[in-house]
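J.: After the sequence you'll find the predicted model.
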Amino acid sequence: MRKSTALFVFEFKLFFRNVINLIFVLLFPSSMVLLFGSIFGNEPSALFGGYGTIDVSVPSYICMIVAVTGLMSLPLTLCTYRQNKVLKRLRATTLRPYHIIGTQFAVNLIMTIIGAVLLISVASAVYHIQFIGSAVSMILLTILVVCCIFSIGVLIASIFKDAKTATAAANIVYFPMLFLSGATIPIELMPAAVQKVASFLPMTHAVNVLKSVWLNKPIGDYYQSLIILIVVFIVCAVLSVVFFKWG
């Protein structure tokens, strides 16, 4: 327990030394709210079912934060450790793979929470966003989204041996998820063909679930997305265990 705690504290400090991660987790989502809010405002729109642009964008931007921590920070850190033989050295200790992965999961989860709280605080203070859903449901389903997206990141880290190939793979997964899923630009504004392609991306279903819960829509509106997220999480988690390499 003491070793796991020490590892967590060490990794948490290292996260704050990565300026790129801090920018995209803490500053970029709030900046997007301020940018699009200054352009579109947050007046009720028929396009968004009577809600404002910022009302429907905040849960989407939470998914953006999850994508940064889960698809970029987490896998690249693990692969860098493997490439630099850090994992091999840790293997000589009493630490097991779940200690390493669990620590990375915990650090990135906490940073995701901090980023989401900052995002909601800015949006609430400036645009008085509407939240009519259940806070408990929102928290639980955000955890599900985190587990799903993080499991994809861990799978990338488990399959690819070095940081260079892992970075390429992460980018291939990250950018389509980010820009086609509605995590940055509302999917309602995209052409029908793009929306059809986006329906194959797990992040699209993550955005769909969080937006639906945020706006207190019936579970029937997003139960298929829930099933997809759960299946992706289970499959990626199992494959991560199978393919994980120390070196």
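T.: Received it, and whenever you're ready, just let me know what you need.
J.: Every contact and neighbour count from this point should use C-alpha atoms.
T.: Noted.
J.: Name all residues that make contact with the closest residue to S181 other than its chain neighbours.
T.: Nearest non-adjacent residue to S181, counting by C-alpha to C-alpha, 6 or more residues apart in numbering: T204, 4.1 Å away. Under the criterion of C-alpha atoms under 8 Å, 6 or more residues apart in numbering, the contact list for T204 reads M177, L180, S181, G182, A183, A198.
J.: surely the second one meets L189?
T.: So the one you mean is L180. No: between L180 and L189 no contact is recorded; they are 10.8 Å apart, counting by C-alpha atoms under 8 Å.
J.: ok, those two, which is more surrounded?
T.: Summary of the neighbour comparison: L180 and L189, criterion other C-alpha atoms under 10 Å, with L180 having more neighbours (22 against 11).
J.: Need the pLDDT of the more buried one.
T.: In the predicted model, L180 carries a pLDDT score of 93.
J.: Ok, I132 next?
T.: 88.
J.: So what does it look like in phi/psi?
T.: Geometry field for I132 lists phi and psi as phi -110, psi 10, criterion degrees, to the nearest 10.
J.: What lies in contact with the helix or strand of the chain with the lowest mean pLDDT?
T.: Taking mean pLDDT, DSSP states H and E as the measure, the helices and strands of the chain show their lowest mean at helix 86-91, namely a mean of 74. Counting contacts by C-alpha under 8 Å, 6+ apart, the residues outside helix 86-91 that touch it are Y81, R82, W246, G247.
J.: Which of these ranks first by neighbour count?
T.: Counting neighbours by other C-alpha under 10 Å, the top entry in the contacts of helix 86-91 is R82, with 22 neighbours.
J.: Noted, bye for now.
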